[in-house]
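Colleague: Generate a structure from the sequence data that follows.
(one chain, ligands or ions: 1)
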Amino acid sequence: MEMRDRLLFRQQAYVGGEWCDADSRETLDVLNPFDGNVIGTVPKMGQAETARAIRCADVALVAWKAKTGKERGAILRKWHDLIEANSDDLALLLTLEQGKPLAEAKGELTYALSFVEWFAEEAKRVYGDVLPNTRSDQRLLAIKQPVGVCGAIIAWNFPSALVTRKVSPALAAGCTVVLKPAELTPFAALALAHLAAQAGIPPGVFNVVTGDPVQIGKELSANPVVRKLTFTGSTETGRLLMQQCASNIKKLSLELGGNAPFIVFEDADLDAAIEGLLASKFRNAGQTCVCANRVYVHAAVVDEFADKLVARIRQMKLGNGLDSAVSLGPLIDRRAVAKVSRLVEDARAKGAQVLAGGKLQKEGTLLYEATLLLGITSDMQIAREEIFGPVVGITTFSTEQEALAMANDSPSGLAAYFFSADLERSWRLMEGLEYGIVGINTGMVSNEVGPFGGIKESGVGREGSKYGIEEFLEIKYVCLSGKSLNTSPY
Ligand SMILES: O=CCCC(=O)O
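Modeller: Numbering: from 1, shown residues only. Purely as a prediction, here's the structure:
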């Protein structure tokens, strides 16, 4: 399969409107997770190049924030249209570097586009407020202004959608951005930067630096010119970035790990629950922060649920994402395989039944089979850790209180799901779940309209939605005082 426009395959970083190499000329190899072949290389940049990109973003900020929201929105709309026109190529690139099946890669592009479209429109809807006076010789206002230069660091699991979910609201608000894609999946972001340039996003407004995550992350958090850092990735890295940003009290948005409970009550539509679980759990081979992670099924229906689920799991085809029959791609790297294998082996050793999968399809590959484990208990590692792989582990419960207590027994608080036909129970559960996102009778909650984000150790801030642009705006309170204001004859 070939790309129609090879120019989208950029192997240099994009800084201040120029395509450039690392000062050292060093590069990093990017591998196809399906076969381990090198797809290409990107510059191994560090602190100095990041500082340069920040300076470019700072210079570009003056003119970009001076544009009206409508003008910025129109440029974002052009970016949207170019991404749409090139989405087959972009999806191909995504499958090559990330491994997800091509149909899912196309789905990710649609999802990525939804954020650009949404924030192109939101750009013109940034309102302030006229506040009630406390004195008759004063007038009070709250106006909203762009935060300034923003750093963005994204994960490897959604290399396109995470770019647009962060960059579109930032640009819409009038901020400029220096983005670091994941070392494992940099090409999607570079292709999007290429299209941004074509769309007329001015030099320096959107910069992409590739390379050493530690050095780039340190500079983006320590450099005082960067006024906000937005990050998607692990809780561990989020905690470190939060500490680094504390030195200059930088504004932060963190989309961190989840450990989503998925509860199936005895009154649920079991077929719908199975479809919901498959959609949630096996999206991107289970490598999604909102994936169902701990599955709780009521004792009265667990056997029927497990039987039906095994049948559906056995229909899944694992392999090369470019093969149209494949519904499950490889894991991202050896570390991911090691983690999934450790969790499955620990559960098996402690008595879990393996009803499907439970191993690599072939040693030496990253192809981990869709797996179903029954009899998960709280002493097993899989009951506490985020799996980030195609493994369903079922725990049985008997009462609503028990299910809710187990669901909330986690330091994470991103997404939670449950299936029930009982309206009052649904309302109770929705309120009781300590999560930023709740899916009721669905396993798919992500879209541009819903505020995406977590509570507890899953992060701070919200992305997408009407709230997403607020993360890139500061409120300025204005108090205008004047003697003639209270003597005005009008
Ligand atoms: O894993 C992070 C993003 C997942 C999503 O946006 O649904």
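Colleague: For the rest of this, base every contact and every neighbour count on C-alpha atoms.
Modeller: Noted.
Colleague: Let me see the ranges of the helices in the stretch 301-450 of the chain.
Modeller: Remark: helices assigned in the stretch 301-450 of the chain by DSSP state H, counting those that start in this stretch are 302-314, 334-349, 400-408, 423-432.
Colleague: Report how many residues lie close to residue 130.
Modeller: For residue 130, the neighbour count with other Cα atoms under 10 Å is 12.
Colleague: give the contact list for it.
Modeller: Residue 130 makes contact with 140, 141, 142, according to Cα atoms under 8 Å, 6 or more residues apart in numbering.
Colleague: Kindly provide the distance from it to residue 140.
Modeller: 6 Å (Cα to Cα, to the nearest Å).
Colleague: Repeat that for residue 382.
Modeller: Where residue 140 is concerned, residue 382 sits at a distance of 54 Å (Cα to Cα).
Colleague: what about the two, which has more around it?
Modeller: Taking neighbours as other Cα under 10 Å, residue 382 and residue 140 compare with residue 382 leading, 23 against 16.
Colleague: Is it correct that the more buried one is in contact with residue 344?
Modeller: Yes. The pair formed by residue 382 and residue 344 meets the contact definition of Cα atoms under 8 Å, at 7.3 Å.
Colleague: The stretch 101-250 of the chain: strands as residue ranges?
Modeller: 129-131, 138-146, 149-153, 176-180, 206-208, 226-232 (DSSP state E, counting those that start in this stretch).
Colleague: could I get the fourth one in PDB with only the CA atoms?
Modeller: As requested, C-alpha coordinates have been extracted for strand 176-180 and formatted as PDB (Å, rounded to 0.1, in the frame of the first residue of the first chain):
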ATOM      1  CA  THR A 176       0.900  29.200  20.000                       C
ATOM      2  CA  VAL A 177       2.200  25.700  20.600                       C
ATOM      3  CA  VAL A 178       5.400  23.600  20.800                       C
ATOM      4  CA  LEU A 179       4.300  19.900  20.600                       C
ATOM      5  CA  LYS A 180       6.400  16.800  21.300                       C
END
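Colleague: Make 40 the starting number, not 1.
Modeller: OK, 40 is where the count begins now, so the last one is strand 215-219.
Colleague: Give me the sheet partners of that strand and which way each runs.
Modeller: According to DSSP bridges, strand 215-219 forms sheet pairs with strand 188-192 (parallel), strand 245-247 (parallel).
Colleague: In TSV, list these along with distance to the ligand, mean pLDDT and mean neighbour count.
Modeller: Shown next, in TSV, are the strands paired with strand 215-219 (distance: least, Cα to the nearest ligand atom, whole Å; pLDDT from 0 to 100; neighbours: other Cα atoms under 10 Å):
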stretch	distance to the ligand	mean pLDDT	mean neighbour count
strand 188-192	13	98	28
strand 245-247	20	99	28
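Colleague: How about the contacts made by the residue nearest the centre of the chain?
Modeller: The centroid of the chain falls nearest to residue 201 when counting by Cα atoms, centre = their mean (4.9 Å). Counting by Cα under 8 Å, 6+ apart, residue 201 makes contact with 151, 193, 194, 271.
Colleague: quick one: the first one and residue 129, what's the gap?
Modeller: Using Cα to Cα, one gets 11 Å for the distance from residue 151 to residue 129.
Colleague: So the two - more neighbours on which side?
Modeller: Relative neighbour count places residue 129 above the other of residue 151 and residue 129, with 28 against 25, counting by other Cα under 10 Å.
Colleague: count of residues packed around the nearest residue to that one once chain neighbours are set aside?
Modeller: Nearest residue to residue 129, sequence neighbours excluded (Cα to Cα, 6 or more residues apart in numbering): residue 227, at 6.8 Å. Per other Cα under 10 Å, the neighbour tally for residue 227 reads 26.
Colleague: I'd assumed residue 131 was in contact with residue 227.
Modeller: No. Contact criterion Cα under 8 Å: residue 227 and residue 131 do not qualify, at 9.8 Å.
Colleague: The residue lying closest to residue 286 once chain neighbours are set aside: what's it in contact with?
Modeller: Nearest non-adjacent residue to residue 286, counting by Cα to Cα, 6+ apart: residue 261, 7.0 Å away. For residue 261, the contact set (Cα under 8 Å, 6+ apart) comprises 283, 284, 286, 287.
Colleague: now the second one, nearest residue through space, not along the chain?
Modeller: With sequence-adjacent residues excluded and distances taken as Cα to Cα, 6+ apart, residue 284 is closest to residue 260, at 4.9 Å.
Colleague: Help me confirm that the one you found comes into contact with residue 282.
Modeller: No. Assessed by Cα under 8 Å, residue 260 is found out of contact with residue 282, at 9.0 Å.
Colleague: okay, these two: which has more neighbours?
Modeller: residue 260 (31 against 13).
Colleague: For that one, give its distance to residue 96.
Modeller: Taken as Cα to Cα, the span from residue 260 to residue 96 is 15 Å.
Colleague: For the ligand, what's its nearest residue on the stretch 390-529 of the chain.
Modeller: residue 485 (4.7 Å; Cα to the nearest ligand atom).
Colleague: What is the neighbour count of the residue nearest to that residue when sequence neighbours are not counted?
Modeller: Distances taken as Cα to Cα, 6+ apart put residue 491 closest to residue 485, at 7.4 Å, once the chain neighbours are dropped. Residue 491 is flanked by 23 other residues according to other Cα under 10 Å.
Colleague: so what's residue 491 bridging to?
Modeller: Beta-bridge partners, per DSSP bridges, of residue 491: residue 502.
Colleague: That one contacts residue 474, correct?
Modeller: No. Contact criterion Cα under 8 Å: residue 491 and residue 474 do not qualify, at 11.0 Å.
Colleague: Next, the contact list for residue 171, please.
Modeller: 178, 179.
Colleague: can you pull out the helices in the stretch 40-189 of the chain?
Modeller: Under DSSP H, counting those that start in this stretch, the stretch 40-189 of the chain gives helices at 86-105, 108-124, 126-137, 141-161.
Colleague: To the ligand, which of those lies closest?
Modeller: helix 141-161 (8.3 Å).
Colleague: Averaged pLDDT, the closest one. What do you get?
Modeller: With pLDDT averaged residue by residue, helix 141-161 scores 98.
Colleague: That helix vs helix 108-124, what angle?
Modeller: Angle, helix 141-161 to helix 108-124, by axes from the mean of the first three to the mean of the last three Cα atoms, to 10 degrees: 170 degrees.
Colleague: Quick one: list the elements packing against helix 141-161.
Modeller: helix 108-124, helix 126-137, helix 200-212 (3 or more Cα pairs under 8 Å, 6 or more residues apart in numbering; DSSP states H and E).
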